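>>> quick one, structure for this:
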Amino acid sequence: MRLALLTGLLALALATPARAQEYQPVVGSGSFNTAPILAPGRYRDTVLPEEYLYYAVKLQAGQHMHVVASSEIDREEFASLNLAFIAARVQTPDRLQSFDSEGDQLFTSSDDSPADFTTPTATTVAGESQGGSNGWDGPGYYFLSFYAAYVGARAEPPKAEIPFHFEVTVEGTPETEPAATPDRHADAEAEAEADRDARGRDGRRRHESRRRGRARRGRADRRRRRRARAQAASARYWRGLTPRTRLNAVLSANGLP
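Numbering: from 1, shown residues only. Below is the predicted model:
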């Protein structure tokens, strides 16, 4: 009989660590920004009364999250800490809303039922709900949080770490974003805009060509007018000379005495 008792105690001692080893230790964050990113799996952590812990889980369009969570202390110890419950919640990537129409999922001691819930399915970017008052429910990192509610008379809750474990499963087949339907009106408008741009470039080239032609003609006209004025002045000069003076000027210009 003593041998049987020792065998039973040994089996129990070996079974307890084995059960604890089923859950991977993880340390949750007190803020969204530093929340550890979790892959689907089984995890174990501790939470203080009135503390929030956050974890990030990536969901693609067409996928949803299944969470099962339970504390590891019995009903008597749970009550001695003046805890009402531990709340589990999944929030959208924009952190605005709970991603579950039923709100927080509650669990208490290890003697009671665990929290077991499944979130809605993440939509594609082109889905009907794309944020706004309901929060973003497309692909992204969703935040799983735990909060231990303290209802004791003391102003400061006890600094007692409450062990709990949870399992995260990502279910569903990822969906690809549907291709956008061609917008014929937008295409026609783009073609019209390109045509207007082309006509505008052609018009600017023609205007520049005409401007340069006018400038060349203007310079030629000015040269002709200068030559005409010079010729008229020369004619007036020669007409004002006496015959002898005109002869002397011709002889001098040709180098004759």
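>>> could you chop the protein up by domain?
Residue ranges for the domains of the chain, per automatic domain parsing: 20-171, 184-251.
>>> what's the most buried one of these?
When the domains of the chain are scored by mean count of other Cβ atoms under 10 Å, the highest mean neighbour count falls to domain 20-171 (a mean of 16). Every residue, glycine included, has its C-beta placed from N, CA and C.
>>> let me see the mean pLDDT of it.
In this model, domain 20-171 has a mean pLDDT of 89.
>>> next one: it to chain centre, how far?
24 Å (Cα atoms, centre = their mean, to the nearest Å).
>>> and for stretch 162-180?
On the basis of Cα atoms, centre = their mean, stretch 162-180 sits 20 Å off its chain's mean C-alpha point.
>>> just the strands in the protein please.
Secondary structure of the chain (DSSP state E): strands at 24-25, 41-47, 52-59, 64-71, 83-91, 105-107, 115-118, 140-150, 162-171.
>>> for the third one, name the packing helices and strands.
Contact analysis of strand 52-59 by 3 or more Cβ pairs under 8 Å, 6 or more residues apart in numbering; DSSP states H and E lists strand 41-47, strand 140-150, strand 162-171 as its packing neighbours.
>>> which of these sits closest to Ala230?
strand 140-150 (85.5 Å; Cβ to Cβ).
>>> got the angle between the closest one and strand 52-59?
160 degrees (axes from the mean of the first three to the mean of the last three Cα atoms, to 10 degrees).
>>> alpha carbons of strand 140-150, in PDB - could you do that?
Output in PDB follows, covering the C-alpha atoms of strand 140-150 (Å, rounded to 0.1, in the frame of the first residue of the first chain):
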ATOM      1  CA  GLY A 140      -3.700  44.000 -39.200                       C
ATOM      2  CA  TYR A 141      -2.500  43.400 -35.700                       C
ATOM      3  CA  TYR A 142      -5.300  42.900 -33.200                       C
ATOM      4  CA  PHE A 143      -4.800  43.400 -29.500                       C
ATOM      5  CA  LEU A 144      -5.700  40.700 -26.900                       C
ATOM      6  CA  SER A 145      -5.800  42.200 -23.400                       C
ATOM      7  CA  PHE A 146      -6.400  40.900 -19.900                       C
ATOM      8  CA  TYR A 147      -7.500  43.000 -16.900                       C
ATOM      9  CA  ALA A 148      -7.900  41.800 -13.300                       C
ATOM     10  CA  ALA A 149     -10.800  43.700 -11.600                       C
ATOM     11  CA  TYR A 150     -10.200  44.400  -7.900                       C
END
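>>> could you dump the strands of the chain to TSV with distance to Phe99?
Output for the strands of the chain, formatted as TSV (distance: least, Cβ to Cβ, whole Å):
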stretch	distance to Phe99
strand 24-25	24
strand 41-47	19
strand 52-59	9
strand 64-71	8
strand 83-91	5
strand 105-107	12
strand 115-118	11
strand 140-150	6
strand 162-171	13
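>>> re the thing from before, CSV for the helices and strands packed on strand 52-59, including distance to Thr108?
As requested, the helices and strands packed on strand 52-59 are exported to CSV (distance: least, Cβ to Cβ, whole Å):
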stretch, distance to Thr108
strand 41-47, 13
strand 140-150, 10
strand 162-171, 10
